[in-house]
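In: Fold the following for me, if possible:
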Amino acid sequence: MAAAATTGKLVYKLYRALTYGLSPLLHLHLRWRKLRGLEHPMRWPERLGRPSLPRPSGPLVWFHAVSLGEGMAAIPVIKHCNQCRPDVNILMTTTTLSAFEVIKNRLPAEVIYQFAPVDTPAAIDAFLGYWKPNAIVLMESELWPNLIMGASKNGTALALLNARLSMKSFKRWSRPLLFPLISLLLSKFSLIVPLSSIQGIHFQLLQAPPFVINFSGDLKYAVDDRELSMEEVGSMEELKVQLAHRRIWMAASIHRGEEEIILGVHKVLMQQHPDIVTIIVPRHPHHGQKIAQELQKEGQKVALRSRCEKLIPGTSLYVVDTLGELRHMYKLTPIAVIGGSFFPGFAGHNISEAAAAGCAVLTGPHIGHFSHMVLEMQHLNPFSVLQVSGKLELEDTLSKLFSDAKILESRQKAAKEAFCALSSSILANVWNLLNFHVFGKLRSRHGIPFCEDIEGLIMVMLGDKFGNHSDLLLSHTCCCC
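Out: This is a model prediction of the structure:
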């Protein structure tokens, strides 16, 4: 163990030297991204650790997520923390511009929101030196060596929520050169909450300390129901009126190339049901604009969400090229097909939001780390999620759902019930774990420990649903809870 730790420190020194040497190139790369519209035009220096807001006095907890999906999963925890500990400052960071545009309107006013620093020594040291976080909560797979080692050097508590590694990442970290480094990084965490039991096994195999591995459930089930503004409510109600008396299905989070499958299915369904409306929600808004342009060139009538175009008679395609509306769009359709899943190399997307809205949920065969979510829901009710093999089976399934109202209703009900069962208590579980393993090491302004919920502490220590499973990790062989 001592030899492995020494090797890990040596590999980290090499990484730190490499990132130090590459810093000028990364700086230029950020400027290039800014010119391409991929970084914020005014706030991009935050990526170099340069703050744009003052640091308030008192304890501060930093939550970090790379992009929109991970950031949305963190918001319920942030809100809960803000409510339970109003005397603690919360800093939230994300990396992508698309996440910033949506999340900035979802956070409580008291939360400080910045762009995350790149993992270079100068950027991380400047960021940590300015914000001086008392604890850092990372989402999913944000395992950046300079960040983690810098926080550990400062005595900052570290937690990893919804922790996961893709199979590709797991194999990479398992290589002889990188294995000592990942073991060193994971040893710095006070809490690791894996996405599933298989993910827990992966982290244990990478030598994460067994006593820091705990389970709570997938935070993506903790859907945050943001209240819409009056303008947004009016827009949704207007669209709902336009969709009245039409058969509706939606293809959500589709990636480039998948629109060909969706549009092919749409043509088949149009022959069976001339009143049908297909709502297409691409993963990236600019993709939606390109889809609309191509359809218009072919002479097809299509309504584009960003232009507030209406579904006039004869229009059967509605393209949503906006951000942050997907969760509410699900409430307008009885059927949701989740994209990013129809081609090899894709890894699926979050199905819980569609299930929460009461949609019949369909997905393609390539779902990556979301397989645990599909298996969990199917374990509770086999009708809750349907995986189709490709275009032909999708056509057949949608035809049956539109032709048989009872089957459609049963699938909608199954998805909703499975979601409700899996989402209950997740937020409380996560909070108790953070309270015990991370915040319990801190002190409030009045010197009172963060861990004030005695009942929660007992539940954590007993490990009923979310306590320490380290002694059982190797006995788990499936993704189901």
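In: Pull the number of nearby residues for the residue nearest to residue 275 when sequence neighbours are not counted.
Out: Spatial nearest neighbour of residue 275, excluding adjacent residues (C-beta to C-beta, 6 or more residues apart in numbering): residue 246 at 5.3 Å. C-betas here are computed from N, CA, C, even on glycine. Residue 246 is flanked by 12 other residues according to other C-beta atoms under 10 Å.
In: so what's residue 246 up against?
Out: With C-beta atoms under 8 Å, 6 or more residues apart in numbering as the criterion, the residues that contact residue 246 are 275, 276, 277, 311.
In: So among these, which ones count as buried?
Out: When those are checked for burial by 16 or more other C-beta atoms under 10 Å, the buried set is 276, 277, 311.
In: Dump these into CSV; add distance to residue 416, pLDDT and secondary structure as well.
Out: What follows is these, written out as CSV (distance: C-beta to C-beta, whole Å; pLDDT from 0 to 100; DSSP: H, G, I helix; E, B strand; the rest coil):
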residue, distance to residue 416, pLDDT, secondary structure
276, 23, 94, strand
277, 22, 95, strand
311, 26, 88, coil
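In: Nearest to residue 158 among those?
Out: Of all those, the one sitting nearest residue 158 is residue 277; the distance, using C-beta to C-beta, is 47.5 Å.
In: so what's that closest one up against?
Out: Contacts of residue 277 (C-beta under 8 Å, 6+ apart): 243, 246, 247, 248, 249, 311, 316, 317, 318.
In: Contact partners for the fifth one?
Out: What it means is residue 249. Under the criterion of C-beta under 8 Å, 6+ apart, the neighbours of residue 249 are 269, 276, 277, 278, 279, 333, 334, 335, 336, 337, 398, 402.
In: and if you look at the third one?
Out: Residues in contact with residue 247 (C-beta under 8 Å, 6+ apart) are 273, 275, 276, 277, 402.
In: Which elements pack onto the helix or strand harbouring residue 407?
Out: Under the assignment given by DSSP states H and E, the secondary-structure element containing residue 407 is helix 405-423. Applying 3 or more C-beta pairs under 8 Å, 6 or more residues apart in numbering; DSSP states H and E, one finds that helix 405-423 makes contact with helix 352-356, strand 360-363, helix 371-380, strand 385-387, helix 391-403.
In: again, 7 Å this time
Out: With contacts defined as 3 or more C-beta pairs under 7 Å, 6 or more residues apart in numbering; DSSP states H and E, helix 405-423 has these neighbours: helix 352-356, strand 360-363, helix 371-380, helix 391-403.
In: Between these, which one is closest to residue 200.
Out: Each of the helices and strands packed on helix 405-423 has some distance to residue 200 by C-beta to C-beta; the shortest is helix 371-380, at 11.1 Å.
In: could I get that closest one in CSV with only the CA atoms?
Out: Taking only C-alpha atoms (Å, rounded to 0.1, in the frame of the first residue of the first chain), the coordinates of helix 371-380 have been written out as CSV:
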residue,chain,number,x,y,z
SER,A,371,-29.1,0.9,-18.0
HIS,A,372,-29.3,0.8,-14.2
MET,A,373,-32.2,3.2,-14.3
VAL,A,374,-34.1,1.2,-16.9
LEU,A,375,-33.4,-2.1,-14.9
GLU,A,376,-34.6,-0.5,-11.7
MET,A,377,-37.9,0.7,-13.2
GLN,A,378,-38.5,-2.6,-15.1
HIS,A,379,-37.8,-4.5,-11.9
LEU,A,380,-40.6,-2.7,-10.2
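In: what's in contact with it?
Out: Residues from elsewhere that reach helix 371-380 (C-beta atoms under 7 Å, 6 or more residues apart in numbering): 195-196, 218, 351-352, 355, 363, 367, 384-385, 387, 418, 421-422, 479-481.
In: Whichever of those end up buried, select them in PyMOL.
Out: Selecting in PyMOL just the buried members of the contacts of helix 371-380, where the criterion is 16+ other C-beta under 10 Å, is done with this command:
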select buried, resi 195+196+218+351+352+355+363+367+384+385+387+418+422+479+481
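In: follow-up on the earlier one: in strands, which of the contacts of residue 277 appear?
Out: With strands identified by DSSP state E, the entries of those that belong to them are 247, 248, 249, 317, 318.
In: TSV for the residues you listed, including distance to residue 94?
Out: Converted to TSV, these look like this (distance: C-beta to C-beta, whole Å):
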residue	distance to residue 94
247	37
248	32
249	31
317	32
318	29
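In: Alright, I will stop here.
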